[in-house]
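Asker: 3D model of this:
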Amino acid sequence: MNQIFGNRSLVRIALAWALIAVLPLCQAQSPNTLSKHARKVQKTLSHYPAGTHLHLVLRDQTERFGTLGTLSPTSFQFTDQDNNAVEPIPYDSVTSARKGEVTIGEKGVFQRRPRHLLPLLLIGGAAAAGVSLLATSKF
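Answerer: Residues are numbered from 1 along each chain as shown. As a prediction, the model looks like this:
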């Protein structure tokens with residue numbers, strides 16, 4: 001027995017090999033890695049609280065309006081404004097995400113009128129009045 005433990009270098013080598021053998025079992029596993037674009041989308045969405053109205057543009061060029069739900073490592077919950085369906089959307093499928101506005105029905109979407117409509121109507125009315133005055137006046 002004295003011969004086995006008398007050689008301390010043998011015990012040290014055995015202990016070192018045991019620690020080396022256990023080391024790969026103790027390494028941490030990394031989560032699913034996302035692409036660079038997906039990480040940007042995840043970071044953008046993490047700045048918004050749950051319930052924020054969003055305007056999403058997906059990779060297939062469709063636009064979605066709705067509210068943000070909970071975030072997970074690979075996707076997020078999104079409540080669609082059209083049918084109130086809650087669905088998970090992966091970060092990879094989103095092209096752009098920005099804060100949206102609350103819209104209710106068809107009238108909710110703001111439609112901009114042309115800027116020059118009022119001046120054109122005024123000029124047209126003045127021209128019509130001038131033509132009618134010339135037509136009624138006797139020369």
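Asker: what sits up against stretch 66-83?
Answerer: Residues lying outside stretch 66-83 but in contact with it, judged by CB atoms under 8 Å, 6 or more residues apart in numbering, are 31-32, 34, 42, 45-46, 48-54, 56, 64-65, 85-91, 103. Backbone N, C-alpha and C define where each C-beta goes, glycine included.
Asker: how about 6 Å then?
Answerer: Among residues not part of stretch 66-83, those counted as contacts by CB atoms under 6 Å, 6 or more residues apart in numbering are 31-32, 45, 48, 50-54, 65, 86, 88-90.
Asker: cool, stretch 88-101 as well?
Answerer: Stretch 88-101 is touched from outside by 38, 41-42, 44-45, 53-59, 65, 75, 77-78, with contacts defined as CB under 6 Å, 6+ apart.
Asker: Pick out the residue nearest the middle of this protein.
Answerer: Note on the chain: the residue nearest the mean C-alpha position is residue 97, at 3.5 Å, using CA atoms, centre = their mean.
Asker: that older thread, so which of the contacts of stretch 88-101 belong to helices?
Answerer: Counting by DSSP state H, the members of the contacts of stretch 88-101 that fall within helices are 38, 41, 42, 44, 45.
Asker: Out of those residues, give me the one that has the most neighbours.
Answerer: Of all the ones in helices among the contacts of stretch 88-101, the highest neighbour tally under other CB atoms under 10 Å goes to residue 41, namely 22 neighbours.
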